[in-house]
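**Student:** build me a model:
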Amino acid sequence: MPVTTATFLQDIVIFIRNYLRSNITDPLSRGAGGNTFVMTSYPKRSVQYPIITVRATGIDTTRLGLQSEATWTNVTIEIRTWARNSKESDDLTQDVIISLKNAQFGTGGTVEEGIYDFKLQSTVPVVEGEGEQNLVHSKIMTYSYKTILT
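**Tutor:** Numbering: from 1, shown residues only. This is a model prediction of the structure:
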């Protein structure tokens, strides 16, 4: 379903979340009835790593002409891989990058949804926790996409 002006943030985040769910294998193979592997915000409940979170973190717009109400809207998306070790975090990060790069064109791609100009802006590694056994390794990826709002 293409992005609509009334729900564009939700549309983009949900599309990316669903695309990643369909194209990245859960390393723990939790299956349909288990924990959700890819989610749209930071979890408020305890989770079993690895997980991937997707959320919108910024918006800026440019009017498409002096007398136009349409805007070329840039949406910044944060995708974060949370893992049990550095290798798992690296592997998941690479899977996300490749999946989203491949998601641009073709049936069910971002362009078909009205989401354009895929750009990976940055990747930042983060290690949290204390003690070797309690560390959570993550990578914060910042992407930008554009859409036209009317």
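
**Student:** doesn't residue 52 belong to a strand?
**Tutor:** Yes. With DSSP: H, G, I helix; E, B strand; the rest coil as the criterion, residue 52 is part of a strand.

**Student:** residue contacts, it?
**Tutor:** When contacts are counted by CB atoms under 8 Å, 6 or more residues apart in numbering, residue 52 touches 20, 24, 37-39, 79-82, 92, 96. To be clear about C-beta, it is placed using only N, CA and C from the backbone, and glycine gets the same treatment.

**Student:** would JSON lines of those residues with pLDDT be doable?
**Tutor:** JSON lines is the format used below for those (pLDDT from 0 to 100):
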{"residue": "20", "pLDDT": "93"}
{"residue": "24", "pLDDT": "90"}
{"residue": "37", "pLDDT": "86"}
{"residue": "38", "pLDDT": "91"}
{"residue": "39", "pLDDT": "91"}
{"residue": "79", "pLDDT": "97"}
{"residue": "80", "pLDDT": "95"}
{"residue": "81", "pLDDT": "95"}
{"residue": "82", "pLDDT": "92"}
{"residue": "92", "pLDDT": "94"}
{"residue": "96", "pLDDT": "95"}
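
**Student:** could you list which of those belong to helices?
**Tutor:** Of the contacts of residue 52, the ones assigned to helices by DSSP state H are 20, 92, 96.

**Student:** which members of these are classed as buried?
**Tutor:** 20, 92, 96 (16 or more other CB atoms under 10 Å).

**Student:** which of the residues in stretch 17-25 are buried?
**Tutor:** Going by neighbour count (16+ other CB under 10 Å), the buried part of stretch 17-25 is 17, 19-20, 24.
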